[in-house]
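Enquirer: Take a look and give me a structure for this.
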Amino acid sequence: MTNQALVVGASGIVGSAVSRLLANEGWAVAGLARRPNAEAGITPISADLLDISSLGSALSGLAPTHVFLTTWARQVSEAENIRVNAQMVRNLLEALRPAGSVRHVALVTGLKHYLGPFEAYGKGSLPQTPFREEQGRLDVENFYYAQEDEVFAAVARDGFNWSVHRPHTVTGIAVGNAMNMATTLAVHASICRFTGRPFRFPGSEVQWNSLTDMTDAGQLARHLRWASTTPAAANQAFNIVNGDVFRWKWMWSRIAEWFNIEAAPFDGQPAPLEQQMANDAETWADMAKQFNLAEPDIGKLISPWHTDADLGRPIEVVTDMSKSRKLGFLDYQASDEAFFKVFADLRASRLIP
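Expert: Okay, here's the model as predicted:
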């Protein structure tokens, strides 16, 4: 029987990566998004997860064996994050019930499972690093937990297998994505090179000096496929990172070298990108015209607030991958090379000069 995937959030960084991987491996793939991209081998489905009636119509006739939930919608408060994102998962799984085809649901969350939601990020009593899957939930409301609970409720009702995937910051490409560090840094570096502005690290001294890790979108896509098709990995939660560790004081210089600029010395004080890039829209529009770039609207490429949150953390963040490795997932991705691939792809797509 051919595996049939429904990738929810298929236009995002993770969703597009897993859609392409599965399609290239012969899966029948349907990609659901509000505005799905047109890609060879992927059936586009336009739907709003908050509109249960139109969702049912959009999914009518579809019988996926595997569902990959790779999307969420940021709201003004954590209470609203919980309400909206739980409803999105609940609506989707309810709409898929009539077909009775689902064998596995994979949910992508992240390290806010250990660090807390945006409103309490990195605060209070946190588990020790490296983060391990057996470390339980924090005593704080978190929309990741609400998403998990919706999956678990559907599992109890409908009997399919599940997996939860907790990446660190994901590197990849998706224009318009709300959490896009690699593209944000590429645009920042390109502007620094064009204007001669110093390429200043935006984050905290702790992040500059501490060990950290990241997750390439391709690495996460392979992990999603592995967990959804490996019996020993069923019904478990997993961390997923590239497999290396680094310090930003090393990585910042590596990124600067790729763009042929100098990394500014770090003075120990944060210089948030929201401030550094606050007035860059006109500069970027000028650059887009001069270099014939495909996207002149800088707002569709960068997410300074999210990059600032990651690089401004006051604590070390390192993730343990032992659980996946013991069960057979041995893939590895060098994090600097993951950045460089994104930069090269951005340049090839004329998204940066």
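
Enquirer: got a list of what E39 touches?
Expert: By CB atoms under 8 Å, 6 or more residues apart in numbering, E39 lies in contact with S16, S19, R20, A23, G31. (C-beta placed from N, C-alpha, C; glycine too.)

Enquirer: helix, strand or coil for it?
Expert: coil (DSSP: H, G, I helix; E, B strand; the rest coil).

Enquirer: Relative to the whole chain's centre, how far out is stretch 210-226?
Expert: 9 Å (CA atoms, centre = their mean, to the nearest Å).

Enquirer: now stretch 112-129
Expert: The mean C-alpha position of stretch 112-129 is separated from the chain mean by 18 Å, CA atoms, centre = their mean.

Enquirer: which of the residues in that stretch are buried?
Expert: For stretch 112-129, the neighbour count (16 or more other CB atoms under 10 Å) marks K112, H113, Y114, L115, G116, P117, F118, Y121, G122, T129 as buried.

Enquirer: Spatially, which two of those residues are the most separated?
Expert: F118 and T129 (20.0 Å; CB to CB).

Enquirer: Now E316. Nearest residue, chain neighbours left out?
Expert: Spatial nearest neighbour of E316, chain neighbours left out: S210 (4.1 Å); criterion: CB to CB, 6 or more residues apart in numbering.

Enquirer: For the longest helix that the chain contains, which outside residues touch it?
Expert: Criterion DSSP state H: the longest helix present in the chain is helix 78-96. Contact partners of helix 78-96, identified using CB under 8 Å, 6+ apart, comprise 6, 8, 49-52, 55-56, 59, 62, 64, 67, 69, 71-75, 102, 105, 107, 117-120, 141-143, 146-147, 149-151, 153-154, 158.

Enquirer: Assign V164 to helix, strand or coil.
Expert: Strictly by three-state DSSP, V164 counts as strand.

Enquirer: Phi and psi next, for the closest residue to A38 other than its chain neighbours.
Expert: Leaving out its chain neighbours, the residue that sits closest to A38 by CB to CB, 6+ apart is P44, at 6.3 Å. Phi and psi for P44, reported as degrees, to the nearest 10, are phi -80, psi 140.

Enquirer: ok now do H223, which residues does it touch?
Expert: Going by CB under 8 Å, 6+ apart, the list of residues near H223 reads H165, F238, I240, S324, F329, D331.

Enquirer: And for the second one, the neighbour number?
Expert: Okay, so that is F238. Counted with other CB atoms under 10 Å, residues neighbouring F238 total 21.

Enquirer: wait, is it part of a strand?
Expert: Yes - when three-state DSSP is applied, F238 is found to be in a strand.

Enquirer: Show me what it is bridged to.
Expert: On the basis of DSSP bridges, F238 is bridged to H165.

Enquirer: That one touches E134, doesn't it?
Expert: No - using CB atoms under 8 Å, F238 is not in contact with E134, being 11.6 Å away.

Enquirer: average pLDDT for the helix or strand hosting L21?
Expert: Secondary structure from DSSP states H and E places L21 in helix 13-24. Here helix 13-24 scores 96 as its mean pLDDT.

Enquirer: re the thing from before, where's the longest helix of the chain relative to the chain centroid, distance-wise?
Expert: Centre to centre, stretch against its chain (CA atoms, centre = their mean), the figure for helix 78-96 is 18 Å.

Enquirer: Offset the numbering so it begins at 55, please.
Expert: Let's use 55 as the start, then, which means that last one is helix 132-150.

Enquirer: what angle sits between whichever helix or strand comes after that helix and helix 132-150?
Expert: Using DSSP H and E, the next helix or strand after helix 132-150 towards the C-terminus is strand 158-162. Orientation of strand 158-162 against helix 132-150 (axes from the mean of the first three to the mean of the last three CA atoms, to 10 degrees) gives an angle of 160 degrees.

Enquirer: nearest to E336, of the buried residues of stretch 166-183?
Expert: Distances from E336 to the buried residues of stretch 166-183, taken by CB to CB, are shortest for F172, at 29.5 Å.

Enquirer: Give me the phi and psi for that closest one.
Expert: phi -50, psi -40.

Enquirer: Contacts only, for F206.
Expert: For F206, the contacting residues are W216, by CB under 8 Å, 6+ apart.

Enquirer: re earlier: need the buried residues of stretch 166-183 in CSV (columns: pLDDT).
Expert: As requested, these are arranged in CSV below (pLDDT from 0 to 100):
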residue, pLDDT
K166, 92
H167, 94
Y168, 94
L169, 90
G170, 87
P171, 83
F172, 74
Y175, 69
G176, 63
T183, 92
